[in-house]
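Participant: here are the coordinates; sequence isn't available:
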């Protein structure tokens, strides 16, 4: 199960860190890199404290049965939310996340302040960077803590995955120095949504005494089942959208011609 | 009062942000709890796993169905 925890935490963290990196980049370019990096590091420290205190306290004091129920329940809520958004984006119900557009909008907003670049710590730059990393990282912190459902080691493995993702984004970002728009964010969110839903089902089931066949290996079967169901849903929504589009266009054309005929 | 409501809303949006998902999963967990704790329903315990998976999938279908049924999405193509 450990490898699955590391992968899930790595992918979830990669998505969130890519989003946070866009705003850290904005702060670095419009204000200065010193303020941006200080803000980002402060947010990472805050997140580490949250995970260390809350995570360890939960794993130490809450009985495993209760922990698995609560965490399974929350993971299901969280996982289905991610999965739903990813399916909506794949099927065209929602626009894809565009890091370049977000970057441009935030850059314009920050430049509109009329600040000149300097080397001193700038509160706006620190805060912009801190806020973005903290907000995006909170979901990561929650995911890492929730892997405490797999015992104390679960948090360690999840933290390992999250740290690896964070380092990777920082290294790639430092080389590229541009929004990481080539990262397939929706695909990552789709995979993470399936993994969180799988873990949520598995742990909440165990809390009700369900003895899953093949033990931990059942996680793979569950993931495959949710993947198949999600692909089927994407296909079904796309088909429906294609059927609806011509019908809507036809009815609009009909209304237009009726209006023309009604004119004297 | 306003601040408390804002905090509750922020927590709700952070964890769920979707009423259909919340109701679907709560309902599924409620059914499982009944099967687990009420003796009369003990014969259904063997099917708990299937009920849980079906509940999760039904919730996903329901929440996506609601999105598809939105008027603004009916016009997209």
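Facilitator: Structure received. Since we're looking at a predicted model, the values are computed, not measured.
Participant: wait, residue A:26 sits on residue A:125?
Facilitator: No - with contact defined as CB atoms under 8 Å, residue A:26 does not reach residue A:125; the gap is 9.3 Å. From N, CA and C alone the C-beta is placed, and that goes for glycine too.
Participant: So between those two, which is more surrounded?
Facilitator: A side-by-side neighbour count of residue A:26 and residue A:125, using other CB atoms under 10 Å in any protein chain shown, places residue A:125 first with 29 against 26.
Participant: tell me the average confidence for stretch A:128-143?
Facilitator: For stretch A:128-143, the mean pLDDT works out to 82.
Participant: buried stuff in the longest helix along chain B?
Facilitator: Ranked by residue count, the top helix of chain B under DSSP state H comes out as helix B:48-69. Counting neighbours by 16 or more other CB atoms under 10 Å in any protein chain shown, one finds that the buried residues in helix B:48-69 are B:48-49, B:51-53, B:55-57, B:59-61, B:63-64, B:67-68.
Participant: Need the nearest residue in space to the residue nearest to the spatial centre of chain B, chain neighbours excluded.
Facilitator: Note on chain B: the residue nearest the mean C-alpha position is residue B:24, at 2.2 Å, using CA atoms, centre = their mean. Nearest residue to residue B:24, sequence neighbours excluded (CB to CB, 6 or more residues apart in numbering or on different chains): residue B:59, at 2.9 Å.
Participant: if I look at that neighbour, how far off is residue A:167?
Facilitator: Separation of residue B:59 from residue A:167 (CB to CB, to the nearest Å): 36 Å.
Participant: For chain B, which residues are neighbours of chain A?
Facilitator: B:14-18, B:21-22, B:25, B:29, B:32-33, B:35-36, B:45, B:48-49, B:52-53, B:56-57, B:59-61, B:63-64, B:67-68, B:73-77 (CB under 8 Å from any CB of the partner chain).
Participant: which residues sit against stretch A:43-61?
Facilitator: A:67, A:129-134, A:137-138, A:140-141, A:144-145, A:148, A:151-152, A:155, A:159, A:166 (CB atoms under 8 Å, 6 or more residues apart in numbering or on different chains).
Participant: Can you flag the buried ones in those?
Facilitator: In terms of neighbour count (16+ other CB under 10 Å), the buried residues within the contacts of stretch A:43-61 are A:67, A:129-130, A:132-134, A:137-138, A:140-141, A:144-145, A:148, A:155, A:159, A:166.
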